[in-house]
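J.: Return a 3D structure for these sequence lines:
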Amino acid sequence: MQRNWLSLRPLLRGIGGELGAFYTVPNLSRPSAALMHAAAKRQPGKITPKMEKLRKKFQENNDKPIFLKGGSMDNIIYRLTWVLCFIGLAGDLHLWFGYILA
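T.: Residues are numbered from 1 along each chain as shown. Below you'll find the model as predicted:
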């Protein structure tokens, strides 16, 4: 038996025959037959026009980082993330210095 931290088999074996007899843990280490069939049906090399447009947009050399190439919404989310990080850091420092200096 392969042991890893995701395995439920030892827990089910410890419970007894009731639950272990009706429930089997799926083996996730190899793809299922359904996934293999779906992969075989796909035609490699077919790119939709929308994906081609996005590929050109994100691969053009305009000296912008990839996380800002999506447009104005990416820029807003990027700046909002920085603001929230600094607010959280300031609150954390205020909390800790409040405990240290009190």
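J.: what's the following helix or strand after the worst-scoring helix or strand of the chain on mean pLDDT?
T.: Within the chain, confidence by mean pLDDT, DSSP states H and E is lowest for helix 17-22 among all helices and strands, at a mean of 53. Beyond helix 17-22 on the C-terminal side, the first helix or strand identified by DSSP states H and E is helix 33-41.
J.: What mean pLDDT does that following helix get?
T.: For helix 33-41, the mean pLDDT works out to 73.
J.: ditto for stretch 61-80
T.: Here stretch 61-80 scores 89 as its mean pLDDT.
J.: tally of neighbours for residue 64?
T.: Residue 64 has 13 neighbouring residues, counting by other Cβ atoms under 10 Å. Heads up, the C-betas are built off the backbone N, CA and C, glycines and all.
J.: now the helices for the protein?
T.: For the chain, applying DSSP state H gives helices covering 9-15, 17-22, 33-41, 49-59, 72-101.
J.: Nearest approach to residue 65 belongs to which of these?
T.: Nearest of the helices of the chain to residue 65, taken as Cβ to Cβ: helix 72-101 at 8.9 Å.
J.: Which strands and helices lie in contact with that closest one?
T.: Packing partners of helix 72-101 (3 or more Cβ pairs under 8 Å, 6 or more residues apart in numbering; DSSP states H and E): none among the helices and strands.
J.: now the helices of the chain as JSON lines including mean neighbour count and distance to residue 66?
T.: Output for the helices of the chain, formatted as JSON lines (neighbours: other Cβ atoms under 10 Å; distance: least, Cβ to Cβ, whole Å):
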{"stretch": "helix 9-15", "mean neighbour count": "12", "distance to residue 66": "42"}
{"stretch": "helix 17-22", "mean neighbour count": "10", "distance to residue 66": "48"}
{"stretch": "helix 33-41", "mean neighbour count": "9", "distance to residue 66": "27"}
{"stretch": "helix 49-59", "mean neighbour count": "10", "distance to residue 66": "7"}
{"stretch": "helix 72-101", "mean neighbour count": "10", "distance to residue 66": "9"}
